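Engineer: sharing a model prediction with you, sequence too.
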Amino acid sequence: MKDLVKSLALIPILALPPSSASADPLPSGTTFQSTAIRAQQADEGANPGMLWVEAGAKLWGRTEGSAGKSCAACHGPAEQSMKGVAFRYPAVEPTTGHLLNLETRINLCRTKNQKAAPLAYESGELLGLAAFAARQSLGLPIGVRIDGAAAPFYEQGKAFFYRRRGQLNLSCAQCHVDNAGRKLRADTISHGLGNGYPTYRLEWQTVGSLHRRFRACLFGVRAVQYDFGAPDYLDLELYLASRAEGIAIETPAIRP
Amino acid sequence: MDISPARISVPTEAKKGDIIAIKTLFRHPMETGYRVDRYGKPIPRRIVKRFSVTYAGDVVFAMDFTQGVAANPFIAFHAVAVETGEIVFVWEDDQGKIVTERRTLTVAR
């Protein structure tokens, strides 16, 4: 705690604009995991998150909604059409001006293009489709747009990240910037990046979204937890993606 | 999700005498029966009871599960390639749900 208080003095310095593309990327959260977890994550036959990826692959080909179309009917094989999509998200959807992440973008296709009911945010179906779509960008470096129409969302996300909140009165940055690499109980605090999401978390015994992780961290500081897919979380996700610039997509990662 | 809960990694070809690695993942809640929901009502136990594998008709792996096994069990084992044949994987849970998956291993001499 004393260290946390000491590090507060650093906040004005740390609140600089994000590193430019030329700077070295931050280490992925995976680098802080045990060798056993890293090995299991890398092995497609052992990574339980692949169960969701495989379910997503099957849903991709399934006809849904009154338009009578599957994802594949419009997008063709995901190996081609979804490659290089996930690392651009969250992104502004030009016709509505809304910021969408992969999950909300997929749900937009559900409602607008398939004429089907949206999938519940944390449902196995949506997690499966998102994990499957993101998996097509495995190993590709994250690079989101934070200029133009995305700029206001980026600014809000960044403000959220540095704002203290909750009964513990801590900001995301106080843990994930000031104390990254140090221990919090049994965890090594990472830089708080989303490049492995949806992720299989052993504590959850299931795959979960990045927003579920946000809720867990906010619960930890006893702050208000927003709903899955809330605009505040989308903004935050964009800011995290900008911090993750140049880091490879690792979906589905494994976390303890 | 009414989608096959099994994921199997097994080679499709091997030479006679080769030791092959077989890896399986199975999506299942493995609910222990010891937990209660938010109203204090017990959540009924639901676990995989038995996982068994036959290869060319012979049992090569079988395992009884308990509620100590975490959700989505990952089970890996080895077998010796003896002849071309079907590998049949069967998971049975305590609600009587049975999931069967088949893979063919072609063995060259």
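Structural biologist: Nice, thanks for sending it over. Residues are numbered from 1 along each chain as shown, chains lettered A, B, ... in the order given.

Engineer: separation between the closest residue to chain A within chain B and A:Gly45?
Structural biologist: The minimum distance from chain B to chain A, using CB to the nearest CB, falls at B:Ser9 (3.2 Å). Bear in mind the C-beta positions are built from the backbone N, C-alpha and C, glycine included. Separation of B:Ser9 from A:Gly45 (CB to CB, to the nearest Å) stands at 3 Å.

Engineer: can you pull the residues that touch both of these two?
Structural biologist: B:Lys23 (CB atoms under 8 Å, 6 or more residues apart in numbering or on different chains).

Engineer: show me what the lengthiest strand in chain B is packed up against.
Structural biologist: For chain B, the strand with the greatest residue count under DSSP state E is strand B:98-108. The elements that strand B:98-108 packs onto, with contact taken as 3 or more CB pairs under 8 Å, 6 or more residues apart in numbering or on different chains; DSSP states H and E, are strand B:6-9, strand B:13-15, strand B:85-93.

Engineer: break chain A down into its domains, please.
Structural biologist: Domains of chain A are assigned by automatic domain parsing as A:2-42+A:142-255, A:51-135.

Engineer: distance to chain B added to those domains, as a markdown table?
Structural biologist: What follows is the domains of chain A, written out as a markdown table (distance: least, CB to the nearest CB, whole Å):
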| stretch | distance to chain B |
| --- | --- |
| domain A:2-42+A:142-255 | 4 |
| domain A:51-135 | 4 |
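
Engineer: mean pLDDT lowest where, among the ones you listed?
Structural biologist: Mean pLDDT values for the domains of chain A show the minimum at domain A:2-42+A:142-255, a mean of 90.

Engineer: next one: it to chain centre, how far?
Structural biologist: Mean C-alpha position of domain A:2-42+A:142-255 versus that of the full chain (CA atoms, centre = their mean, to the nearest Å) differs by 9 Å.

Engineer: how about the domains of chain A in TSV, adding mean neighbour count?
Structural biologist: Formatted as TSV, the domains of chain A follow (neighbours: other CB atoms under 10 Å in any protein chain shown):
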stretch	mean neighbour count
domain A:2-42+A:142-255	17
domain A:51-135	19
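
Engineer: where do the helices of the stretch 101-250 of chain A begin and end?
Structural biologist: A:102-108, A:124-135, A:151-162, A:172-176, A:210-220, A:231-243 (DSSP state H, counting those that start in this stretch).

Engineer: list the contacts of the second one.
Structural biologist: When you say that, I think you mean helix A:124-135. A:49, A:52-57, A:59-60, A:71, A:78, A:82, A:85-86, A:102-103, A:106-107, A:119-120, A:197-198, A:207-209, A:249, A:251-252, B:1, B:3.

Engineer: so the residue of chain B closest to chain A is in contact with B:Lys23, correct?
Structural biologist: Yes - using CB atoms under 8 Å, B:Ser9 is in contact with B:Lys23, at 4.3 Å.

Engineer: show me what contacts residue 25?
Structural biologist: No chain specified, so I'll use chain A. A:Pro141, A:Ala244, A:Glu245, A:Gly246, A:Ile247.

Engineer: meant chain B, my bad for not saying
Structural biologist: Per CB under 8 Å, 6+ apart, neighbours of B:Leu25: A:Gly45, A:Ala46, A:Asn47, A:Pro48, A:Met50, A:Leu51, B:Ala6, B:Arg7, B:Ile8, B:Asn72, B:Pro73, B:Phe74.

Engineer: now swap in A:Thr95 and tell me
Structural biologist: Applying CB under 8 Å, 6+ apart, no residues qualify as near A:Thr95.

Engineer: just checking, A:Arg88 touches A:Gly143?
Structural biologist: Yes - with contact defined as CB under 8 Å, A:Arg88 counts as touching A:Gly143 (6.9 Å).

Engineer: and B:Arg7, how far is that from B:Met30?
Structural biologist: B:Arg7 is 16 Å from B:Met30, by CB to CB.

Engineer: the two: which has the busier surroundings?
Structural biologist: Taking other CB atoms under 10 Å in any protein chain shown, B:Arg7 and B:Met30 do not tie; B:Arg7 has more neighbours (24 against 20).

Engineer: who's the closest spatial neighbour of that one, skipping the chain neighbours?
Structural biologist: Nearest residue to B:Arg7 in three dimensions, chain neighbours excluded: B:Leu25, at 4.3 Å (CB to CB, 6 or more residues apart in numbering or on different chains).

Engineer: quick one: the one you found is in a helix?
Structural biologist: No - under DSSP: H, G, I helix; E, B strand; the rest coil, B:Leu25 falls outside any helix and is assigned strand.

Engineer: which residues does it bridge with?
Structural biologist: Per DSSP bridges, the residues bridged to B:Leu25 are B:Arg7, B:Phe74.
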